[in-house]
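Novice: how would this look folded up:
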Amino acid sequence: MYGEALWLDEMQYISKTAAARQDDPSVTALLMAARTTIRALALLASLTQAKWIVPGARWIDTKGDVVNAHAGCVTKDPETGKFFFFGEYKTEDQPEGGGVSVYSSDDLATWEPHGKALC
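Specialist: Sure, this is the predicted structure:
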């Protein structure tokens, strides 16, 4: 989320600068190079985000939601090799008793939600 906002801010700044000096070919060339670089970095960031666990970062599930499994544990199914993550489902307005969230993963970095095991 933060990275996307930063890229948008940079693109808006570059576009405003280029619009103010659109008659200068060197500004147009710089704008094209900046856009290409930003797009390449955004692509690289999105690929990295899906493959790696970043300490302290929020985990995003396959539906695009933040993984909600507090004080959780991970177990591995010996037959399939699939990992399962169980943890307490919590929201800010809920003091306790939200249930137990269930997620599964093949690689410990990409988590698929399966709802709640206990409510």
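Novice: tell me the mean pLDDT for the host helix or strand of residue 32?
Specialist: Secondary structure from DSSP states H and E places residue 32 in helix 25-51. Mean pLDDT, helix 25-51: 69.
Novice: Note down every partner strand of the helix or strand just after that helix and its orientation.
Specialist: Per DSSP H and E, helix 25-51 leads on to strand 70-76 as the next helix or strand towards the C-terminus. Strand 70-76 has its sheet partners listed here by DSSP bridges as strand 83-88 (antiparallel).
Novice: Give me the contacts around the partner strand.
Specialist: The contact list for strand 83-88, computed with C-beta atoms under 8 Å, 6 or more residues apart in numbering, reads 67-77, 98-106, 108, 111, 117. Quick note: C-beta positions are derived from backbone N, CA and C, even for glycine.
Novice: Now the buried members of the residues you listed.
Specialist: Buried members of the contacts of strand 83-88, scored by 16 or more other C-beta atoms under 10 Å, are 67-69, 72, 98, 101-105, 111.
Novice: and stretch 85-94, which residues are buried?
Specialist: 85-90.
Novice: Between the two ends of stretch 107-119, how far is it?
Specialist: Stretch 107-119 has its terminal residues 27 Å apart, counting by C-alpha to C-alpha, to the nearest Å.
Novice: that older thread, any chance of a markdown table for the buried ones among the contacts of strand 83-88, columns distance to residue 58 and pLDDT?
Specialist: Below are the buried ones among the contacts of strand 83-88 laid out as a markdown table (distance: C-beta to C-beta, whole Å; pLDDT from 0 to 100):
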| residue | distance to residue 58 | pLDDT |
| --- | --- | --- |
| 67 | 8 | 93 |
| 68 | 10 | 93 |
| 69 | 12 | 92 |
| 72 | 14 | 91 |
| 98 | 18 | 80 |
| 101 | 14 | 95 |
| 102 | 18 | 97 |
| 103 | 14 | 97 |
| 104 | 19 | 97 |
| 105 | 16 | 95 |
| 111 | 12 | 93 |
